[in-house]
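> need coordinates for the following:
(chains A and B)
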Amino acid sequence: LAKTTQPISMDSYEGQEVNITCSHNNIATNDYITWYQQFPSQGPRFIIQGYKTKVTNEVASLFIPADRKSSTLSLPRVSLSDTAVYYCLVGDGSGGSYIPTFGRGTSLIVHP
Amino acid sequence: SAVISQKPSRDICQRGTSLTIQCQVDSQVTMMFWYRQQPGQSLTLIATANQGSEATYESGFVIDKFPISRPNLTFSTLTVSNMSPEDSSIYLCSVESSREGTDTQYFGPGTRLTVL
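Next up, the predicted model:
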């Protein structure tokens, strides 16, 4: 199972761009990278998923370098409501035996 | 994406009793997962439940303590048996669903369990 390493916590201010980097040095060829957001007392919510290069959706962007040993979640212009824990997961999203493993996540606090 | 509901959303139980948590999905899925999240901690996988087969438990979790049923492709239950205060956690079910050609996990809202 590919392990991930993220900063334990980050602080930011409203309107700023936040970049959270995740290291996954032993990512496998079939592994996809998925990010989740979790608010207190709620289940994790899917944010974005990618395999390589850049992926963008309505809430975030995901940057993955060519070696795929890390990835960066980018949240544009954060607001107070983006205060949450963000988890990076890697796993085989191609129909293999994907057993997702959660690391400690990054606790993001957005200040006024 | 799959829409998942859990019942109950929360409960307070006495030690020594058992609680069964239900997980309902709005579409048919092959793989369902049960997680535990203790206060201030990350999610820990309890077991994987595929329809038509016995659940596969992770290290540290056993069937006698956490029996799981998976009667069809949209429903599963997790029972927390002979509870103790150490079982106080949020219990989450999740499903694996295809999204744009890749497999992605979607989570239910969780069941907050407090054992006195």
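> ok, the residue most central in space within chain A - contacts?
In chain A, the C-alpha nearest the mean C-alpha coordinate belongs to residue A:35, at 3.4 Å (C-alpha atoms, centre = their mean). Neighbour list for residue A:35: A:22, A:47-49, A:60, A:62, A:71, A:73, A:86-89 [criterion: C-beta atoms under 8 Å, 6 or more residues apart in numbering or on different chains]. No exception for glycine: its C-beta is placed from N, CA and C like everyone else's.
> okay if I get these as CSV plus pLDDT?
What follows is the contacts of residue A:35, written out as CSV (pLDDT from 0 to 100):
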residue, pLDDT
A:22, 95
A:47, 94
A:48, 94
A:49, 92
A:60, 96
A:62, 97
A:71, 96
A:73, 97
A:86, 97
A:87, 95
A:88, 93
A:89, 90
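> which among the residues you listed gets closest to residue B:88?
Checking these against residue B:88 by C-beta to C-beta gives residue A:87 as the nearest, at 21.9 Å.
> the closest one against residue A:33, yeah?
No. Between residue A:87 and residue A:33 there is no contact under C-beta atoms under 8 Å: 11.2 Å.
> show me which residues of the lengthiest strand in chain B are buried.
Taking DSSP state E as the criterion, chain B has its longest strand at strand B:89-99. Of the residues in strand B:89-99, B:89-97, B:99 count as buried by neighbour count, 16 or more other C-beta atoms under 10 Å in any protein chain shown.
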